[in-house]
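need a 3D model of the following:
(one chain, ligands or ions: 2)
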Amino acid sequence: MTANPRVSLAIPIYNEEAVVPELVRRTSAVLDSLPGGPHEIVFVNDGSSDGTLAILEETAARDPRIVVVELSRNFGHQTALAAAIDQVSGDVVVLMDGDLQDPPEAIPTLLDHYRQGYDVVYVRRMNRKEHWWLRMCYYMFYRLLATLSSIELPLDAGDFGLMSRRVVDEIRRMPEHHRYLRGLRTWVGFRQIGIPVERAARHAGSTKYSPLKLLKLAFDGIFAFSIIPLRAAAILGSLAIACSFVYALYSLYVKFWLHSPQGFTALLLAIIFLSGVNLFFLGIIGEYVGRVYEEAKARPHYVVRRVFSQRVSSASPRIAVAARR
Ligand code: UDP
Ligand code: MG
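Ligands and ions are numbered 1, 2, ... in the order given. Below you'll find the predicted structure:
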């Protein structure tokens, strides 16, 4: 651990032209105030279709601290973050969103904790500004995941946070495709601490996470860190068998002693319920099988079109890490 580490900010950007100028201004101001250096900001342009790339390139041409990694298309937030992590060169890396929901002014506090010996300083999100129903979904998801997960995942922690070089190196060694970075970060271990930081509202523009993308991320978290859904099939199946024994005894009693006809409705309900349960768990098994299939294909996680900065040209070896598998 160094007292004045070189800081790399890793920021994925997708169609954020309305935010980027203010983002660059605020992050640069924070880096200016930090001792040591040289620090850097790695922006990953995740296939933006607006003017984002032009603005980023223009700022990179002015400021040698800025590196712009241009992906060949939109790969998604978590993959863009992975691309940023592959390019950073600092002693510590701070992951943050590009919409200024994660205040850059919190970075000195993250560094204070790093100096106290923590390898991971993650931010616990306080006072979210989203709709109440989305906040409720987040709240329930993090608690569900914490219950299901095989490791102790922190509650209400996003990707915003600081990681030391050795944590970053371990994450880079992980080959998995469906990345739930905040979980992988916890998995690595070392000393970790969560600090509360107020989560701001988006500076401008609108969210790039559709409800479907959010659900996908939630599933990535659950399926990457728990096999309890698979076990649930066995548990529920055993329960159904136990119930069917009891019901069989009851039916026999009614048939031979009471001689009353048995209900068609009960039969129908049992069939519908059990075939529903069957299909549900087939779907769950399918999720895991699909993920195994994706890993088996072992495609690279993303494709880099160009790395742009005053210090590195696109022929730089930095690009080689992009296709690490
Ligand atoms: N983002 C990205 N690729 C995507 C979607 C989002 O790089 O496919 C970036 C986006 O520009 C932002 C960050 O990821 O910097 C978080 O996205 P957003 O703020 O839209 O998500 P939310 O905060 O609403 O969950
Ligand atoms: Mg956001």
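
in the stretch 151-300 of the chain, which spans are strands?
157-164, 192-198 (DSSP state E, counting those that start in this stretch).

check the secondary structure at the closest residue to residue 157 other than its chain neighbours for me.
With Cβ to Cβ, 6 or more residues apart in numbering as the criterion, residue 157 has its nearest non-adjacent residue at 4.7 Å, and that residue is residue 122. C-beta coordinates here come from the backbone N, C-alpha and C atoms, glycine included. With DSSP: H, G, I helix; E, B strand; the rest coil as the basis, residue 122 sits in strand.

go ahead and confirm residue 304 touches residue 69.
Yes. If you go by Cβ atoms under 8 Å, residue 304 and residue 69 touch, sitting 6.1 Å apart.

do you know the pLDDT at the closest residue to residue 10 other than its chain neighbours?
Excluding the flanking residues, the one nearest residue 10 by Cβ to Cβ, 6+ apart is residue 84, at 3.5 Å. The model reports residue 84 with a pLDDT of 95.

now do residue 84 against residue 42, distance only.
5 Å (Cβ to Cβ, to the nearest Å).

ok, and the residue lying closest to residue 61 once chain neighbours are set aside, which helix or strand is that part of?
Of all residues beyond its chain neighbours, the one nearest residue 61 is residue 310 (7.1 Å), with distances taken as Cβ to Cβ, 6+ apart. Here residue 310 is covered by no helix or strand, with elements defined by DSSP states H and E.

now do the contacts for residue 310.
Neighbour list for residue 310: 60, 61, 63, 64 [criterion: Cβ atoms under 8 Å, 6 or more residues apart in numbering].

tell me the one of those nearest residue 274?
residue 60 (59.7 Å; Cβ to Cβ).

which residues are in contact with the closest one?
43, 66, 67, 68, 308, 309, 310.

sorry, back to before: contacting residues for the residue nearest to residue 157?
154, 157, 158, 160, 161, 162, 182, 185, 192, 193, 194, 195.

roughly how far does it sit from residue 194?
Residue 122 is 5 Å from residue 194, by Cβ to Cβ.

joint contacts of those two?
154, 157.

give me the low-pLDDT residue ranges for this protein?
262, 312-325 (pLDDT under 70).

mind listing the helices for it?
20-33, 52-62, 77-87, 107-115, 132-148, 165-172, 181-188, 211-225, 228-253, 264-297 (DSSP state H).

can you list these in JSON lines and add distance to ligand 1?
Shown next, in JSON lines, are those (distance: least, Cβ to the nearest ligand atom, whole Å):
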{"stretch": "helix 20-33", "distance to ligand 1": "9"}
{"stretch": "helix 52-62", "distance to ligand 1": "8"}
{"stretch": "helix 77-87", "distance to ligand 1": "4"}
{"stretch": "helix 107-115", "distance to ligand 1": "16"}
{"stretch": "helix 132-148", "distance to ligand 1": "9"}
{"stretch": "helix 165-172", "distance to ligand 1": "18"}
{"stretch": "helix 181-188", "distance to ligand 1": "12"}
{"stretch": "helix 211-225", "distance to ligand 1": "7"}
{"stretch": "helix 228-253", "distance to ligand 1": "24"}
{"stretch": "helix 264-297", "distance to ligand 1": "18"}
